[in-house]
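J.: Test case, fold it:
(one chain, ligands or ions: 1)
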Amino acid sequence: MVKDLQLRITLQEEKQADILIKKSAAQLGVSIRDITGIKVLRKSIDARKKLIVFNYKVTVYIKEPVPETQAYHFDYKDVSKAKPIHIIGFGPAGMYAALRCIELGFKPIVLERGKNVQDRRHDLKAINQDHYVNEDSNYCFGEGGAGTYSDGKLYTRSLKRGDVRRIFENLVFHGAPEQILVDAHPHIGTNKLPKVVQNIRETILKYGGEIHFETRVVDFIIKNNTIQAIQLQNGEEMPVERVILATGHSARDIFYLLHKKNIALEAKSFAIGVRVEHPQHIIDSIQYHCSGKRDALLPAAAYSLVEQVNDRGVYSFCMCPGGFIVPAATANGEVVVNGMSPSKRNNVFANSGIVVEINAIKDLFKYEHFGSLKGLEYQKDLEKLAFTSGGRCQSAPAQRLTDFVEGKLSLSLNPSSYQPGLNAAPLHSLLPKAIGSRLRQGFKAFGSKMKGYYTDEANVVGVESRTSSPVTIPRTEHLSHPQITNLFPCGEGGGYAGGIVSAAMDGERCAEAAIKGL
Ligand SMILES: Cc1cc2nc3c(=O)[nH]c(=O)nc-3n(C[C@H](O)[C@H](O)[C@H](O)COP(=O)(O)OP(=O)(O)OC[C@H]3O[C@@H](n4cnc5c(N)ncnc54)[C@H](O)[C@@H]3O)c2cc1C
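T.: This next block holds a predicted model:
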């Protein structure tokens, strides 16, 4: 007999050996000896009440052999001599577009401005230590895109669970831990992501795809509403038939290029704010109702907060328990913060973006003359402001949380994980009122929802500005651009994804659309 069960296991019970077998036997009214095996399908933690419970979904095998776990299989074909599809950008969208092309029997030719994961590390070190941003290789640009040196959280609001599972299984096939198939809030961690990305590269090369690193696309040669060739930064022109544009939300030069060529773009609503950093033990004690250290079986606690303030959402974004704040600028002269964490989430800080919705129609009056690029210009101005107030280097402007809310300059700051360093600055008065004042009200409300969250032991750090693309590149129901028939805007830069998994799924969809009729 095979039975699917939901089990509730308390934290104390979780410490017992064979607890899943014992609980399953009791629930099914069978002998422990008759249970031949248990497969965990899903695991989540419910810490809303003082009694912390692990919720399991399991398949129990009773007097039945347990089937062997099947190796994941993807039908990759030799595409070395197949028709090419050009893919610009090797982030999650570009990687999964390339893998899907190979499954469908087409040869992906990937052009990526940044370096491979190994060489990219030197440029990350230069940002953190020398305050120098290589504009082609940084936390956003390079092999694996913005997803490589990230938290690797794999949450998505996508309802297409089948597609999500396919991406997860493919990540496992390429070396991600199997646990991501089970955890309710899966994540990979920045220490493990580069290897997964490298394995994806190796699959693409093994089956005959091409990947050209340090190859920035700078222009499109267009005739009869079709891209005939793409021009690279070394002047070379590469003839193309179909182009998947997966350059991400930070490729401003691509947005400017499309705008200059009168290729339609649209301003999109997005969000801007700050990153708040607490000592992890404070978040643990709030979420796990404990004082001091969390139980060793519990992961670093996370949170998700949202509040409506004056008609706009203020919400936590990309929360990184046990993580680091990182400098995510893509050019010198700007400061942008984001977060990442290792797989064990064992750093002593918890950070999260706290951002305010910027409505593209209602909030950008002063920027209207920039047309579809108004949000991008607003975002740029705030990043320049953060650069100036941070000390004209990659140090970031910061304030104690309570000082930010009370409108006082901080005389001293708390320790922080942000390597380039913090500079005390009056963020409360520097940020536009539409953002600053909503954030201040939002933080107060969060303090009421999570007692202990509103504390002078936390810093706010500016600015969290690359939450999603401020621009949409329109596309038809066939996923091609309405004017340029062989251009397929893809992933987060096009405005069609918000995170690693949704970008990967959009990459697959664009590959399927791009090969049609070839
Ligand atoms: C620090 C950080 C942490 C994050 N943490 C998470 C997380 O935990 N979970 C999550 O889901 N999301 C996270 N994100 C967001 C996530 O990384 C993005 O949503 C995702 O990477 C978007 O994928 P994409 O392929 O559309 O674009 P990108 O990942 O931005 O990739 C675009 C690629 O295109 C390349 N490119 C740009 N312009 C050109 C050009 N002209 N020529 C050639 N190549 C070009 C870039 O170098 C880049 O590699 C994080 C982002 C950052 C920066």
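J.: Whichever residue of the stretch 201-350 of the chain sits closest to the ligand: what secondary structure?
T.: Across the stretch 201-350 of the chain, the shortest distance to the ligand (C-beta to the nearest ligand atom) belongs to G248, at 2.1 Å. Glycine gets a C-beta too; all of them are placed from N, C-alpha and C. Secondary structure state of G248, per DSSP: H, G, I helix; E, B strand; the rest coil, is coil.
J.: My guess is it contacts G147. True?
T.: No: counting by C-beta atoms under 8 Å, G147 is not a contact partner of G248; they are 9.4 Å apart.
J.: residues bridging contact with the two, i.e. touching both?
T.: Both G248 and G147 are in contact with G91, where contact means C-beta atoms under 8 Å, 6 or more residues apart in numbering.
J.: quick revisit: dump the residue contacts of the residue of the stretch 201-350 of the chain closest to the ligand.
T.: Contacts of G248 by C-beta under 8 Å, 6+ apart are 89, 91, 93, 140-141, 145-146, 491-493.
J.: Okay, and which of those map to helices?
T.: 93, 491-493 (DSSP state H).
J.: Tell me, how many residues neighbour Q70?
T.: Look at Q70: counted by other C-beta atoms under 10 Å, it has 6 neighbours.
J.: I'd like the contacts of G248 as TSV, with distance to the ligand appended.
T.: Listed next are those as TSV, based on distance: C-beta to the nearest ligand atom, whole Å:
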residue	distance to the ligand
G89	3
G91	2
A93	3
C140	5
F141	3
G145	2
A146	3
G491	3
E492	4
G493	6
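J.: and the gap between Q308 and Y315?
T.: 10 Å (C-beta to C-beta, to the nearest Å).
J.: More neighbours: which of those two?
T.: Relative neighbour count places Y315 above the other of Q308 and Y315, with 21 against 14, counting by other C-beta under 10 Å.
J.: Shouldn't that one be within a strand?
T.: Yes: assessed by three-state DSSP, Y315 belongs to a strand.
J.: Please enumerate the helices of the stretch 401-518 of the chain.
T.: 401-406, 427-430, 433-449, 491-494, 500-514 (DSSP state H, counting those that start in this stretch).
J.: follow-up on the earlier one: mind giving me CSV with the contacts of G248 and columns for distance to D46 and neighbour count?
T.: Below are the contacts of G248 laid out as CSV (distance: C-beta to C-beta, whole Å; neighbours: other C-beta atoms under 10 Å):
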residue, distance to D46, neighbour count
G89, 39, 30
G91, 34, 35
A93, 34, 36
C140, 35, 23
F141, 39, 27
G145, 34, 30
A146, 32, 24
G491, 34, 32
E492, 32, 29
G493, 37, 29
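J.: Identify, from those, the entry nearest to M1.
T.: Of all these, A93 has the smallest distance to M1: 44.2 Å, by C-beta to C-beta.
J.: OK, contacts around that closest one?
T.: For A93, the contact set (C-beta under 8 Å, 6+ apart) comprises 145, 244, 246, 248, 490-493, 497, 503-504, 506-507, 510.
J.: ok, now which ones touch E112?
T.: Counting by C-beta under 8 Å, 6+ apart, E112 touches 89-90, 94, 142-143, 211-215.
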